[in-house]
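Asker: Build me a structure from this.
(one chain, ligands or ions: 2)
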Amino acid sequence: MTFRDSFKFYKARKPPPDLSEVIDIRNPDGKIVKKVNVSPFGAACISEQLQTDSDFKPVENWNVFEFPSIPGLLVIENPFKPESQRKWILKCLRDYPCKPNITNLDAHDVLENGTTWWDACCGLNPRKDLVSKLRWTTLGYHHNWDTKQYSEDLRTKMPEDLTRMTKYIATVLGFHDFEAEAAIVNYYRMNSTLAGHTDHSEINLDAPLFSISFGQSAVFLIGGPTQEEPAHALYLRSGDVMVMSTSSRLRYHGVPKILYDPEELWNSKDSCVIDDDWIKAKSYIADARINVNVRQVLMPGQLSL
Ligand SMILES: O=C(O)CCC(=O)C(=O)O
Ligand SMILES: [Fe+2]
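Answerer: Numbering: from 1, shown residues only. Ligands and ions are numbered 1, 2, ... in the order given. A predicted model of the protein is given here:
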């Protein structure tokens, strides 16, 4: 089956698709998954202090997988602590869809001057109609969806917390030169899909791309250089980090299906500080998935376009 046909297959609602061929890193069942030992990579470069303060479980407990038939693709099984998942979900909802970042809502003039999507949805007169309207936020070099080209005129500062978090993952995996220069945060409702595409706008296509998922699960499809080659389907669950490096970087990929995750890893009962904002975020993420897609745009040492 081609990528195109697999996409239609998994997207179908009635009857719902057979998911038995979807690769599950938590239960590979003889499918094309291989566990990677991270110790020969960069784990040693993470100081003990940084490890203690970090969002992540200890690196020695990370499960990293590769796919022999998809060279360069890596998936880390949720390395986040549950409280860090909550922190990142809240950042993606409350902090990132704000100026100077750009969102899909900016073009539609639906928010009153200066009001953020979060405030509009959660304020005194909550705009319930806007909750499902947020589709993406761009950060750093802002992706131009029409020209598919980055430009220096559409560049703002990357949030330092996101840069630091991605650098940590990159270092553990041995990608020591990675610079987080652009990000897209994608917001999915339960019926959303992301059509097949390749990400080729970055000048530097040798640098890896980091794709971090929170909230409900996705069936992620990855194929070959066109939509006519066959594709593999795999589950991405909350906290999972996908890394597209080397030849996997330019493969067609997309998200045909969002599925409820009964485990809700972001909700575990450990010292959960219940503040007002988290209560709102928790209710949003009960029917949504967030994906943070972080890219390097420039060549090593290059400072601008
Ligand atoms: O949501 C995902 O897992 C993938 C997102 C993606 O491919 C993109 O933003 O380019
Ligand atoms: Fe993509």
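
Asker: State the mean pLDDT of stretch 48-68.
Answerer: Here stretch 48-68 scores 86 as its mean pLDDT.

Asker: close to ligand 1, is stretch 62-75?
Answerer: No - Stretch 62-75 stays clear of ligand 1 (C-beta under 6 Å from any ligand atom), getting no nearer than 11.0 Å. Any C-beta I mention is one placed from the backbone N, CA and C, and that applies to glycine too.

Asker: What is the distance between that stretch and the centre of its chain?
Answerer: Relative to its chain's centre, stretch 62-75 lies at 16 Å (C-alpha atoms, centre = their mean, to the nearest Å).

Asker: Name the residues of that stretch that come out as buried.
Answerer: Within stretch 62-75, the residues that qualify as buried are 62, 64-67, 70, 72-75, counting by 16 or more other C-beta atoms under 10 Å.

Asker: Over to stretch 219-231?
Answerer: Within stretch 219-231, judged by 16+ other C-beta under 10 Å, the buried ones are 219-224, 227, 231.

Asker: how about low-confidence regions in the stretch 201-305 of the chain?
Answerer: 269-273 (pLDDT under 70).

Asker: Get me the contact residues on it for ligand 1.
Answerer: 211, 213, 218, 220, 236, 253, 255, 291, 293.

Asker: Trp118 reaches Lys91, doesn't it?
Answerer: No - with contacts counted by C-beta atoms under 8 Å, Trp118 stays clear of Lys91, the gap being 10.7 Å.

Asker: of the buried residues of stretch 219-231, closest to Asn101?
Answerer: Nearest to Asn101, judged by C-beta to C-beta, of the buried residues of stretch 219-231 is Phe220 at 24.5 Å.

Asker: A strand includes the closest one, no?
Answerer: Yes - applying DSSP: H, G, I helix; E, B strand; the rest coil, one finds Phe220 inside a strand.

Asker: residue contacts, it?
Answerer: Residues in contact with Phe220 (C-beta atoms under 8 Å, 6 or more residues apart in numbering) are 233-236, 242, 253-255.
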